[in-house]
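Engineer: Here is a sequence together with a model predicted from it:
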Amino acid sequence: MFKKSGRSNARSGIALADGSFALAVVRREAGSKPAIEYCATHAVGADIAPELKATLDKLGVARAPACGVVDGDDYQLVQVEAPEVLPSEMRAAIRWKLKDAINFNVDEASVDVFEIPEPARRTQAKMLFAVAARDSAVKRISTMLKPHAKGFNAIDIPELCLRNITACLPQDAKGVAMLALREGSAQLVITRQGVVHVTRHIDTRGGGFNPHKQAQKSNDIDAGALALELQRSLDYYESHYDQTPIGDLVIAPAHEQAHKLAAALKEESSLRISVLDLREHFSVYKSGGLATDWVSLMALGAALRHDGSGS
């Protein structure tokens, strides 16, 4: 799933959803900020293909390297102990370890791994992040993208899409946390120097916290409970990896509810809390909505996939 990208300095990221898709195009030049040339979500109904093809052709990126995103219940990310096997035998050994760790048949899944940094106590077993994605989902994404995105060559998961974004933030040099909001849940990733150290899925349906409800008021958000959950993850990062404390939390995507949540969390936490401002960290060539929902945030993260980012 995590095949290396090509040499082109332009890459598109495509995230599919029910009745819509998001497309982002990022161009990289040595010594410059990544340039976001396009980022938008298209509502298209049942048939995504015509609009996707027309948009790729219009932007002139139909043959640029492209990365899709597998999301929702179509994949699982778990930590497993690294098996002591030859590199050529790694995936088979990991597949065996996943049999009882995921909630679908591992024989019907594509499997890959990426490394976790060494813990502070070297006596602990070496661990890996293992990804299992349903073959049906991988096939669905490939079938949709290959005919129109000729350069399609990779599929990422949300955690790595978020890592691709945090790797572009200056705070990532010393460590940064990103909280990405979606309906009913949030995805936390803690990265340092482009490497994922901690990732956690947080259910936000309890306690009256729903950041996507239009009538939501900031004082309805259980910011105290959320701040406690965040602090537990930050404490784990600090102690398990013997790292200096994380000082920055970035909330994404940049919609109204994210700003309300940021304001509420500032009263519950000593962290420097901000909402992701793409124009601050990237060169943006197009105006309009930029990663203002989960799907476009995933597309942007996929477009930011980069050989130099550690994947």
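Structural biologist: On my side now, so go ahead.
Engineer: May I have stretch 155-169 as CSV, with CA atoms only?
Structural biologist: Provided in CSV are the C-alpha atoms of stretch 155-169 (Å, rounded to 0.1, in the frame of the first residue of the first chain):
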residue,chain,number,x,y,z
ILE,A,155,-2.6,4.5,-0.8
ASP,A,156,-2.2,6.1,2.6
ILE,A,157,-4.2,5.9,5.8
PRO,A,158,-5.5,9.0,7.7
GLU,A,159,-2.8,8.8,10.4
LEU,A,160,-0.1,9.1,7.8
CYS,A,161,-2.0,11.8,5.9
LEU,A,162,-2.0,13.8,9.1
ARG,A,163,1.7,13.0,9.6
ASN,A,164,2.4,14.4,6.1
ILE,A,165,0.8,17.7,7.2
THR,A,166,2.4,18.0,10.6
ALA,A,167,5.8,17.2,9.0
CYS,A,168,5.4,20.6,7.2
LEU,A,169,4.8,22.5,10.4
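Engineer: Now do that stretch, average pLDDT.
Structural biologist: If you average the pLDDT over stretch 155-169, you get 98.
Engineer: Point out where the protein drops to low pLDDT.
Structural biologist: Applying pLDDT under 70 to the chain flags residues 1-8, 123, 206-221, 286-289, 307-311.
Engineer: ok, R11 touching R305?
Structural biologist: Yes - using C-beta atoms under 8 Å, R11 makes contact with R305 at a distance of 6.4 Å. Every C-beta, even on glycine, is put in place using the N, C-alpha and C of the backbone.
Engineer: Break this structure into its domains for me.
Structural biologist: By the record's domain assignment, the chain is partitioned as 10-71+137-162+283-309, 72-135, 170-276 (automatic domain parsing).
Engineer: and among the ones you listed, the most buried is which?
Structural biologist: Mean neighbour count (mean count of other C-beta atoms under 10 Å) peaks for domain 10-71+137-162+283-309 among these, with a mean of 20.
Engineer: and that one, how far out from the chain's middle?
Structural biologist: Relative to its parent chain, domain 10-71+137-162+283-309 has a centroid offset of 13 Å by C-alpha atoms, centre = their mean, to the nearest Å.
Engineer: Show me the beta-bridge partners of the residue lying closest to S283 once chain neighbours are set aside.
Structural biologist: Counting by C-beta to C-beta, 6 or more residues apart in numbering, S283 lies nearest to A35, which is 4.1 Å off, once chain neighbours are set aside. Counting by DSSP bridges, A35 is bridged to R27, S283.
Engineer: Now A120. Its backbone dihedrals?
Structural biologist: Main-chain dihedrals, A120, degrees, to the nearest 10: phi -60, psi -40.
Engineer: show me what contacts it?
Structural biologist: When contacts are counted by C-beta atoms under 8 Å, 6 or more residues apart in numbering, A120 is found next to S239, H240, Y241, D242.
Engineer: 10 Å - rerun?
Structural biologist: Applying C-beta atoms under 10 Å, 6 or more residues apart in numbering, one finds that A120 lies in contact with E238, S239, H240, Y241, D242, Q243.
Engineer: And for L179?
Structural biologist: 162, 186-189, 200, 202, 204, 211, 226, 230, 233, 249-252, 258, 261-262, 265, 273, 276.
Engineer: Tell me which of the residues you listed fall in strands.
Structural biologist: Residues of the contacts of L179 located in strands (DSSP state E): A186, Q187, L188, V189, R200, I202, L249, V250, I251, A252, I273.
Engineer: Specify the beta-bridge partners of the last one.
Structural biologist: Going back to what we said before, that points to I273. L249.
Engineer: what's the nearest residue to A101 once chain neighbours are set aside sitting at in phi/psi?
Structural biologist: Counting by C-beta to C-beta, 6+ apart, A101 lies nearest to V78, which is 4.9 Å off, once chain neighbours are set aside. Main-chain dihedrals, V78, degrees, to the nearest 10: phi -130, psi 160.
Engineer: is it true that V78 touches V131?
Structural biologist: Yes - look at V78 against V131 with C-beta atoms under 10 Å: they come within range, at 8.3 Å.
Engineer: For those two, list the residues in contact with both.
Structural biologist: Listed as contacting both V78 and V131 by C-beta under 10 Å, 6+ apart are I94, L98, I102.
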